[in-house]
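Enquirer: next comes the sequence, and after it the predicted model I'd like to discuss.
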Amino acid sequence: MRHSLIFPAVVAVAAASIPAAAATPPQVTGAWSRPAAQGATGVGYMVLKNPGRAADALVSVETPAARTAMIHRSSITNGVASMQMVSRVPLAGGGSVTFAPGGYHLMFVGLARPLGPGDSLPATLVFASGARVKAAFVVGLGPPVATPHQH
Ligand SMILES: [Cu+2]
C-alpha cells in the first residue's frame, strides 16, 4: 500500500495550477452606451479596474445584442480624428483603464435591436487571464454613476 502516499501530492499540484487571476477578476463600473438604431453601430464606455496584483488585458468582447463587438481607440493626429482597432488593452496589476469618448471605446456593429434611453446592452468582457466578466451598458447621455473624486 506504499503507493497510496503519492495520491495526496498529486492533488496538491493540481490545486496549485488553478490560475490566480480567477480569484480576483477585473471589475467593470460605469458602463454606458448611446442611443442607436437597429442595425447601426452602438458604442460602449466604462472603467476597467484590476484589483489583482498580476497584470491582465482585455482581449475581446462578446455580445448577443450585435453582430460583432470590437475594441477601438480614437486619436487625433495633426488635427484629424481617427480610430484604430485594438486587439489588447493592457490592465496593470492594481491599475485601471477608462473607456471614454475620444479614447478607448467598444463598438457594437449591427445592433440586433434599437438602443433607447434606459435600455441596457449585455456584453461579456474576455481577458487574457481567462476571466470572463459580464457588463450591462446602460443607454444614456453619459456614465450612469458619477465617477468618484480621486486624488
Ligand atoms: Cu470606434
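Expert: Yep, that arrived.
Enquirer: list the contacts for Val139?
Expert: 32-35, 115-121 (CB atoms under 8 Å, 6 or more residues apart in numbering). Every residue, glycine included, has its C-beta placed from N, CA and C.
Enquirer: tell me the one of those nearest Gly142?
Expert: Gly142 has its nearest neighbour among the contacts of Val139 in Trp32, at 6.7 Å by CB to CB.
Enquirer: the closest one and Leu121 touch, don't they?
Expert: No - taking contacts as CB atoms under 8 Å, Trp32 lies outside contact range of Leu121: 9.6 Å.
Enquirer: so between those two, which is more surrounded?
Expert: Leu121 (27 against 22; other CB atoms under 10 Å).
Enquirer: need the strands for the chain, in chain order.
Expert: 27-33, 41-49, 56-62, 66-77, 80-85, 89-91, 96-99, 104-111, 120-127, 132-139 (DSSP state E).
Enquirer: and whichever residue of the chain sits closest to the ion, how many neighbours?
Expert: Nearest residue of the chain to the ion: His72, at 3.2 Å (CB to the ion). His72: 16 surrounding residues under other CB under 10 Å.
Enquirer: thanks again, I'm all set now.
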